[in-house]
Structure formats: structure tokens, C-alpha cells
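S.K.: Structure for the following, please:
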Amino acid sequence: IVGKPHAAMTDKEIPLPAASPAWLAHLLDWGLLSIVLLSPTQFSLAIRGVKVCPVDFAVGATCLLWLFVRLRSRNRGAGLHLPPLALWLFPILAATSAIKAANRMESAKEILQLTEYFVVAALLLFGRLQDPVFLRRVLLAFFAVTSAILLLGTIQYFTPGTPTFQVRATFGNRNILGGYLALVMPLALGILLWDPRPAITAWMAALLSAGVLLSLAGGTWIALCVACMGVAGLRSGKSLLVTILAITLITAVLLPRLPRAHPQILKESIDLFDDQGEMKPRYTEWQAALNMATANPLLGVGIGNYQLNIGQHYGYIPRANQNVTERDSHNLYLVMLSSTGLLGLTAFLGMLVFFLTRSISAYQQELTAPWMRGLTAGSAGAILAFAINSIWAGLLVRGLGIPLVLVLLMGSALYSPR
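M.R.: Now for the predicted structure:
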């Protein structure tokens, strides 16, 4: 399933395929970069009741161009590198739960979205990411758009009257912005620790500083602390000690002095009980989701049908099937277990574990450039942070799907089978 990478251990550019004109190959590369640049946002347009994001158009157009290049080539299979099977098993097995769905239209929307992210976008990106030069361009584009996003979030942070929940940058709320931070901050730390160039160090330090400021969800803060310590531990024992000290000082000294009273906000966002001693809706919904999963263990209630069914599983007095929790504060694993069953959840967890170990294996190889080591270590940390943050937030949504796929593939692209 996985083709052998093109010179993945070197820092030399791979020639463009001879089967197509250079201008067409360059146009395809720009299409791939547009996917990277347009993906981290939840801005969408409603077209006949279906929400469509800018990246959806970019994926569609780039896919058509990719097919055209392939079809006009004499050897259509030349240079074709399929992503690891672990990536495709997730949408395939999750889609099987649709046979249990009461609302087939919602299932179709979810399946189409997962297919776009984990099949189409992954197929388009994976082959070109085998080229270290193009991989570096993608990484720079990823950090460039991240810089713009965090700048917007910082402006919102310091804008009087903006509720903390609405400090969101290009996303729907602080929970989804937190999920994006979980993907990019460990990656930035990895580059900072391994790439010695002063300009890169200053850039990554600025991103990390903005990330601290904009981490306004407790689950995100926990995930970032654990993941950053993991990345630093891969670098050296000294880096780990410095990172632990920095996290301690930031948490104990800096956060209480920031304008939005971070310690209180972070604590309240994941507290079990409210001021009246009542368990918060987030956690009562966890129990309901577990009840729903117990009643439908193998395939769940059908992909996309979680909200339609959750109200029936609270106990003796069912609730209305309405979202009573803070938006996007669900437990992703319980949502997946109850809607796609054990098959879907196992495939998702297997995918994360596969790419986490793949990134670490790539890090342990003899990579020729410092940024490569930072990328592989940072990718491993990003996957870990995303996995931890998903306990407190439903992060498999528009705006995060393709960035997640990109992080998975970037770390894996430098892996070379022995």
C-alpha cells in the first residue's frame, strides 16, 4: 500500500514527472499549497442547505487537475504513492455505521466530509510530500497561515467586549481554536528546538507565545503541556527540564497576570461541577453517550446521528435532542463510539497510534537536515496533543480535518522502510 519514498532522507529536490509539462506540474503544486492555506477555517457558505468551505473548492479543483495530469500520462501509475492504509480504514469503517442511521442524509454528509479529508486530500498530498523540498514549502505555508490566524486571535483577545468563548480566530469558538493550537504548537516547538537559524527560532518563539495567550480551554492547555514535554524529551533531558520549568513559570506566574484571568477560565472550562454543586452538562452527556454506545456497541447509532439520538439515553426522563453543552465541548471518543461503534473508534485510534509511531520511527532515522528532525518530533507531539485535547472537545470538524491529515502525513513522509 505504501510506496517507497523518493529520497526521503535527503534535502534535494525531486524532479517533476516527465509525463507532464513543467507548468502543469507547478500548477498542481500551487493547488496543493492552496489546500494547505485555505483549510484552517470554519468559514462556510450554505449552498442548498449544505455548508461549503473555501478549501472544499480547492480540493475539488486540485483533484480534477490531478486526474487530468494522470489521464494524459502514458504511464498513469508512475510515481503514484498511496497513503498508508491506516488512514483510509478510518473513513471506510466509520461509513459502515450508516446502515444503522435513522437520518441517512446526515450520514451522507459526514461520510462525504471524511472522504474528502482522509481519502482525497490525503491522496493528493502524500505523493508530493515525499519530495523534501516541496515538504519544506508546505511546512512554511502551514506556519505562514498559522501566523495570520494567531494574529487575528490575538487581536480578538485584546478587543474589549469580546467574550472569551469568541476568541476564536478563523474558527467557530475557543474549543476549535484550541484544537488547532494542539496541532501547531508542538510542531512549532519541534522546529524551534532543532532548527538553529535565528530567524526561524524567533518566528517559532512568537507562535508559541501567541499559543500560550490563546489557549483558553483547559483541555487544550493540558494537551499542550504534555505534548510539549514529550517533544522536548525527544531532544534531550536538558530540554525537557527547561520545558518543565517554563511551563511551571508560565502557569504559576504569567497566566494569572494576563488580562483574561486564565487560571480561572481554564479551571472552569473542565470543572466537573458548577457553583451550585451540580454536575456540568458536558459530563452528564458523557454518561448518556456511554449509555447509547452500550446499547449499540458494534456500529453505534449511525455516523452523523449522534445529536439525533443522545436525548434518549440520559436515564428515566429523556431530554430533547438538543445540544445543552458548550459548543464543541463533547468527548470526541464517546461521540465516535456511540455513533460509529467500536469499528469506527478502533479505526480512528489505530490511525492516530500508527502515525504517532511512524513519526517517532522517522525521527530515529538518520535525517540530513535539522528541520526534518524537528518536523518528525513535532508531528509526534501534535498527534499526542490532538488525542488528549479530544477528550474535552469534538475536534473532528470542518477547519481541523485537513490540518490533522497534513500533520499525520508530514511526519510520516520522512519515514523510509528499512
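S.K.: low-scoring stretches of this protein, by residue?
M.R.: Scanning the chain for pLDDT under 70 picks out the ranges 1-20, 74-79, 316-324, 418.
S.K.: repeat that with 90
M.R.: Scanning the chain for pLDDT under 90 picks out the ranges 1-25, 45-51, 69-82, 127, 274-279, 281, 311, 314-326, 366-368, 415-418.
S.K.: Now find how far off-centre stretch 31-40 is within its chain.
M.R.: 14 Å (CA atoms, centre = their mean, to the nearest Å).
S.K.: switch to numbering from 55
M.R.: Done: numbering now begins at 55, and the last item shifts to stretch 85-94.
S.K.: Contacts for it next, please.
M.R.: Contact partners of stretch 85-94, identified using CB atoms under 8 Å, 6 or more residues apart in numbering, comprise 107-109, 112-113, 115-116, 119-120, 175, 178-179, 182, 191-192, 195-196, 198-200, 203, 224-225, 234, 453-457, 460. Where you see a C-beta, it was placed from the backbone N, CA and C, and this is true even at glycine.
S.K.: check contacts around the closest residue to residue 98 other than its chain neighbours.
M.R.: Once its chain neighbours are removed from consideration, residue 98 has its nearest residue in residue 105; the separation is 4.1 Å (CB to CB, 6 or more residues apart in numbering). With contacts taken as CB under 8 Å, 6+ apart, residue 105 has the following neighbours: 98, 99, 452.
S.K.: Scan those residues and report the most crowded one.
M.R.: Highest neighbour count within these, by other CB atoms under 10 Å: residue 452, with 22 neighbours.
S.K.: in terms of contact, does that one touch residue 107 like I think?
M.R.: Yes - counting by CB atoms under 8 Å, residue 452 sits close enough to residue 107 to count as a contact (5.5 Å).
S.K.: where do the contact lists of these two overlap?
M.R.: Between them, residue 452 and residue 107 share the neighbouring residues 96, 98, with contact defined by CB under 8 Å, 6+ apart.
S.K.: Give the burial count for residue 326, as a bare number.
M.R.: Other residues near residue 326 number 9, with proximity taken as other CB under 10 Å.
S.K.: does residue 105 count as helix, strand or coil?
M.R.: Assigned with DSSP: H, G, I helix; E, B strand; the rest coil, residue 105 falls in the strand class.
S.K.: separation between it and residue 96?
M.R.: When distance is defined by CB to CB, to the nearest Å, residue 105 is 9 Å away from residue 96.
S.K.: Would you mind listing the residues touching both of those two?
M.R.: For the pair residue 105 and residue 96, residues contacting each of them under the criterion CB under 8 Å, 6+ apart are residue 452.
S.K.: quick revisit: show me which of the contacts of stretch 85-94 are buried.
M.R.: 107-109, 112-113, 116, 119-120, 175, 178-179, 182, 191-192, 195-196, 199-200, 203, 224-225, 234, 453-457, 460 (16 or more other CB atoms under 10 Å).
S.K.: will you turn the contacts of residue 105 into TSV that also has secondary structure and distance to residue 429?
M.R.: Supplementary listing: the contacts of residue 105 in TSV, determined by DSSP: H, G, I helix; E, B strand; the rest coil; distance: CB to CB, whole Å:
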residue	secondary structure	distance to residue 429
98	coil	30
99	strand	34
452	coil	25
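S.K.: okay if I get those residues as a markdown table plus distance to residue 446?
M.R.: Written out in a markdown table, the entries for those read as follows (distance: CB to CB, whole Å):
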| residue | distance to residue 446 |
| --- | --- |
| 98 | 24 |
| 99 | 30 |
| 452 | 19 |
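S.K.: Which of these sits closest to residue 239?
M.R.: The shortest separation between residue 239 and any of those is 20.8 Å, and it belongs to residue 452 (by CB to CB).
S.K.: Got phi/psi on that closest one?
M.R.: As for residue 452, its main-chain torsions (degrees, to the nearest 10) stand at phi -60, psi 140.
S.K.: who's in contact with it?
M.R.: Taking CB under 8 Å, 6+ apart as the test, what residue 452 contacts is 96, 98, 105, 107, 167.
S.K.: before we move on, what about residue 363?
M.R.: Taking CB under 8 Å, 6+ apart, we find residue 363 in contact with 156, 346, 355, 375, 392.
S.K.: ok, now with 10 Å
M.R.: 154-157, 342-343, 346, 349-350, 354-356, 375, 392-393 (CB atoms under 10 Å, 6 or more residues apart in numbering).
S.K.: hang on, the earlier thing: where's the residue nearest to residue 98 relative to residue 99, distance?
M.R.: Counting by CB to CB, the gap between residue 105 and residue 99 amounts to 7 Å.
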